[in-house]
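1. the following comprises the amino acid sequence and a computationally predicted model.
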Amino acid sequence: MVEEPMRAGQGQRDRPDLSLEHAAGGRVAGVDEAGRGPWAGPVVAAAVVFGAGDPPPALRAAITDSKLLKAEQRAALQPAILACADAALGIASVAEIDGMNILQATLLAMRRAVVRLRHLPDLALVDGNRAPPLPCAAQTVVGGDRSSLSIAAASIVAKVARDRLMARLALEHPGYGWERNAGYGTAAHQAGLARLGVTAHHRRSFAPVRRLVEGRPGGAP
């Protein structure tokens, strides 16, 4: 069952904390994704359940929405999160993104992350206003990566994993700048597409890529 979405700001603080998790009781997973917007690469989701004891104070103070952190900060936090949490990743491929659309592929990646946890949670706190079908209760939280510590931790784990995956793909497909832009439609990525064309890792259902595949002008906006 998915409850009505909670919005950040409804009794929540300036930085993410464990209030939602403690209020729910039991094993609570935070779920978030990385990579909905890029033109290339899969979408990656993470689910994070902190143990019976809260994370160390220094780690709690450092965790926040991954978008507010520099790459080196995320890279340093990721192993610290994994050391004190049950965490799992879920991935939806480019073929799945093109076949079912990015929203449904994102929900699929989230479901895969949750069911791959070592132990199924009692509740999944899902960032955003849509939750996938899960074998446990789910609560959506709009702006959750800035209110729930578990969701914020999941955002970091997912972002680090996806950035590293895109850096590996960049070695196979140089010229698109994926090691720097993670597949987003930057100027460097657009220039690479114009020069080198579309790879198997590009999302053909995304309009700028689709226009190039179809040979229409204006492949990049």
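-> The structure has been received and is ready for your questions.
2. can you give me the strands in this structure?
-> For the chain, strands defined by DSSP state E occupy the ranges 2-7, 28-34, 43-50, 85-92, 123-127, 137-142.
3. ok, the fifth one: who's next to it in the sheet?
-> Put plainly, it is strand 123-127. The strands beside strand 123-127 in its sheet (DSSP bridges) come out as strand 28-34 (parallel), strand 137-142 (parallel).
4. returning to what we had before: okay if I get the strands of the chain as TSV plus mean neighbour count and distance to residue 102?
-> Glycine gets a C-beta too; all of them are placed from N, C-alpha and C. Converted to TSV, these look like this (neighbours: other C-beta atoms under 10 Å; distance: least, C-beta to C-beta, whole Å):
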stretch	mean neighbour count	distance to residue 102
strand 2-7	14	19
strand 28-34	29	10
strand 43-50	30	7
strand 85-92	22	9
strand 123-127	27	15
strand 137-142	20	17
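5. output those strands as CSV; include the columns mean pLDDT and distance to residue 99.
-> Listed next are the strands of the chain as CSV, based on pLDDT from 0 to 100; distance: least, C-beta to C-beta, whole Å:
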stretch, mean pLDDT, distance to residue 99
strand 2-7, 56, 24
strand 28-34, 98, 18
strand 43-50, 98, 13
strand 85-92, 98, 10
strand 123-127, 98, 22
strand 137-142, 98, 24
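6. list the buried residues of stretch 191-210.
-> 192, 193, 198, 199, 201, 202, 203, 204, 206, 208, 209, 210 (16 or more other C-beta atoms under 10 Å).
7. closest one of those to residue 77?
-> residue 201 (27.0 Å; C-beta to C-beta).
8. and the residue lying closest to that closest one once chain neighbours are set aside, how many residues sit next to it?
-> In space, residue 201 comes closest to residue 40 once its chain neighbours are excluded; the distance is 4.9 Å by C-beta to C-beta, 6 or more residues apart in numbering. Using other C-beta atoms under 10 Å, residue 40 is surrounded by 28 other residues.
9. now do residue 57
-> Counted with other C-beta under 10 Å, residue 57 comes out at 8.
10. for the protein, give me the ranges with low pLDDT.
-> By pLDDT under 70, the low-scoring segments of the chain are 1-14, 216-221.
11. tell me how far the nearest residue to residue 45 once chain neighbours are set aside lies from residue 214.
-> The spatially closest residue to residue 45, leaving aside those adjacent along the chain, is residue 109, at 3.9 Å (C-beta to C-beta, 6+ apart). Note on residue 109: its distance to residue 214, by C-beta to C-beta, to the nearest Å, is 27 Å.
12. the more surrounded of those two?
-> residue 109 (28 against 9).
13. quick one: the strands of the chain as TSV, columns for distance to residue 159 too.
-> Below are these laid out as TSV (distance: least, C-beta to C-beta, whole Å):
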stretch	distance to residue 159
strand 2-7	22
strand 28-34	4
strand 43-50	8
strand 85-92	11
strand 123-127	12
strand 137-142	18
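14. list the contacts of residue 27.
-> 49, 119, 120, 121, 122, 123 (C-beta atoms under 8 Å, 6 or more residues apart in numbering).
15. I appreciate the help and will end here.
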